[in-house]
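Engineer: Please work out how this folds:
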Amino acid sequence: MIVYKHDDCLLKDNGFNHPERKERINSILESIKEIKDFKIELKEAPLADIKTISLVHPINHIEKIFSNIPKNSLIGVENEPYADTMLCPNSKKAILRSCGAGIAAVDDLMNKNERVFCAIRPPGHHAETTKAMGFCFVNNIAVAARYLQNKHKVNKVAIIDFDVHHGNGTQEIFYNDESVAYASSHEFPLFPGTGSNEETGVGNVFNAPLKSGIKGKEFLKIFDQKILKSIDKFKPEVILISAGFDAHVRDPLANINLESEDFYKITKKIVDLGNIHSKGRVISFLEGGYDLQALSESIKQHLLALKN
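Structural biologist: As a prediction, this is how the structure comes out:
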């Protein structure tokens, strides 16, 4: 198994007491060091090429984001006082490394048949075609999906998103594209407010809105019925995972009560589906997860299932 990371992702600063902080990556990398049961190859994420990013986001939109990067201090891309998607002087390389990890992961998957986890930040699943929001600037997983189709001629890609927040950006990008299935389990209602049962795209969008407070057993039952069954029928050639760990009981930003071990079960179910339809081809991208202990424990469970 390969894990992509880069120190540039640690330099992205969101300001004091912001939940999306560099310690998230540090916690993950420390927990990876503790894994002795199987070999993990750590690789440095390359910088994404703007042309590849433009498979999803218009070049002028990306250039506008980069042109707004301050020389010092922080600025938010949303209207004050609600800004929490922050640009800092070190944002550009972090954004390009996060997206570049997914592009390199696709090449590793397709050329070497290696499963990959991208331990990167900023995350991506809230980034819409022309809108940065929810801590996200470039939709890393969407770019990887388009790169799979464009470079490696993969026809059908499934994106499974178990972050506690709905991936509005990923849904928006592929909403009218029957070649990409998007399936999301998420607390509802919760930021960003999308992800109802009525949002179905062209029959390629499968949302599983969850009530606040549910626990692992009920979660897994819904995940089986609404997410896995839908992707099973879609029969993807590759599965991409938006892996958010903020549905954990310890997480401060939501109210779904999963335990660390539940992320093994969730991931194993996805991998099993990948073994049936996708020649075992699975890539996972870090999205949310803001309690460091929960993140550390859950990542171990996720990687253990991912390697099987």
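Engineer: Reduced to three states, what does the closest residue in space to Ala254 that isn't next to it in sequence come out as?
Structural biologist: Counting by Cβ to Cβ, 6 or more residues apart in numbering, Val164 is the residue found nearest to Ala254 once chain neighbours are left out, at 4.1 Å. Where you see a C-beta, it was placed from the backbone N, CA and C, and this is true even at glycine. With DSSP: H, G, I helix; E, B strand; the rest coil as the basis, Val164 sits in coil.
Engineer: if I read this right, Val164 contacts Gly288, doesn't it?
Structural biologist: Yes: look at Val164 against Gly288 with Cβ atoms under 8 Å: they come within range, at 6.6 Å.
Engineer: which residues do those two both contact?
Structural biologist: Common contact partners of Val164 and Gly288 (Cβ atoms under 8 Å, 6 or more residues apart in numbering): 244, 246, 251, 253.
Engineer: with those residues in mind, which one is nearest to Cys136?
Structural biologist: Distance to Cys136 across those (Cβ to Cβ) is lowest for Gly244, with 11.4 Å.
Engineer: Number of residues surrounding that closest one?
Structural biologist: Neighbours of Gly244 under the rule other Cβ atoms under 10 Å: 28.
Engineer: and it, what is it in contact with?
Structural biologist: Applying Cβ under 8 Å, 6+ apart to Gly244 gives the contacts 123, 125, 161-165, 286-289.
Engineer: ok, now which ones touch the residue nearest to Ala254?
Structural biologist: So Val164 contacts 186-187, 190, 244, 246-247, 251, 253-254, 256, 288 (Cβ under 8 Å, 6+ apart).
Engineer: that older thread, can I get the shared contacts of Val164 and Gly288 in TSV with secondary structure, pLDDT and distance to Lys51?
Structural biologist: Shown next, in TSV, are those (DSSP: H, G, I helix; E, B strand; the rest coil; pLDDT from 0 to 100; distance: Cβ to Cβ, whole Å):
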residue	secondary structure	pLDDT	distance to Lys51
Gly244	coil	98	28
Asp246	coil	98	32
Asp251	coil	97	36
Leu253	coil	95	35
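Engineer: Which PyMOL command selects the buried ones in the residues you listed?
Structural biologist: In PyMOL, this line selects whichever of the shared contacts of Val164 and Gly288 come out buried by 16 or more other Cβ atoms under 10 Å:
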select buried, resi 244+246+251+253
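Engineer: Neighbours of Pro70, how many?
Structural biologist: 12.
Engineer: and it, what element?
Structural biologist: Pro70 belongs to no helix or strand when assigned by DSSP states H and E.
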